[in-house]
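[1] Sequence plus predicted model, see below.
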Amino acid sequence: MSSLDAALSRAMNTPGISGAALLDAVTGLSFAEWGEVSAGRDSCDIAELARTRLTRAGASGDLENVIVTTSTQHIVTIQLPRQGDPLLLCATVDRERTNLTWALRELTRYADELLA
C-alpha cells in the first residue's frame, strides 16, 4: 500500500466519511482513491469555478476549501498548495453520521500527512 493510500485509508476512520481521493487540481487526474468518491472528479471543476468567481468578485487570498451540500451528504474539497499545480483532497461525508466541522478538521489533518 502506498503512503497516499495509507493516509486516505486513515481518513476513512473518521465517522461519516465514506470516501476520499487525492486529485490534480488542474487535470482531475486521480493519484489515489479510497471508498466511495462519487463527485471526486467534478470537484476539480467546482473548485476552479469557485476560484474564478471569487477572483472576479475581488476576493483576495487562495482558495482553501469548497463544501457542496446535498440532502444526504457533503462533498468536501480541500486545496493543498504545493510547488506547481495544487492538489485537491476530496471527501464524501454523510450528513446523518458526522459533524461537518469535525470532519473538516480531521480531513485537514490528513491533508497535512499527504504533503509530508
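    Perfect, thanks for sending it.

[2] contacts and neighbour counts: CA atoms only from here.
    Noted.

[3] surely residue 4 meets residue 112?
    No. Assessed by CA atoms under 8 Å, residue 4 is found out of contact with residue 112, at 11.6 Å.

[4] who has more neighbours, those two?
    Set side by side, residue 4 and residue 112 show unequal neighbour counts under other CA atoms under 10 Å, the larger going to residue 4 at 17 against 11.

[5] Show me what the residue nearest to residue 24 when sequence neighbours are not counted is bridged to.
    When the adjacent residues along the chain are set aside, residue 24 lies closest to residue 87, with 4.7 Å between them (CA to CA, 6 or more residues apart in numbering). Each beta-bridge partner of residue 87 is listed here, defined by DSSP bridges: residue 24, residue 80.

[6] State the phi and psi torsions of residue 99.
    Residue 99 has phi and psi values of phi -90, psi 130 when expressed as degrees, to the nearest 10.

[7] Report pLDDT for it.
    Predicted confidence (pLDDT) at residue 99: the value is 88.

[8] and it, how many neighbours does it have?
    If you count neighbours by other CA under 10 Å, residue 99 ends up with 13.

[9] And what about the spatially most central residue of the chain, helix, strand or coil?
    Nearest to the mean C-alpha position of the chain, by CA atoms, centre = their mean, lies residue 90 at 2.4 Å. At residue 90 the chain is in strand, as set by DSSP: H, G, I helix; E, B strand; the rest coil.
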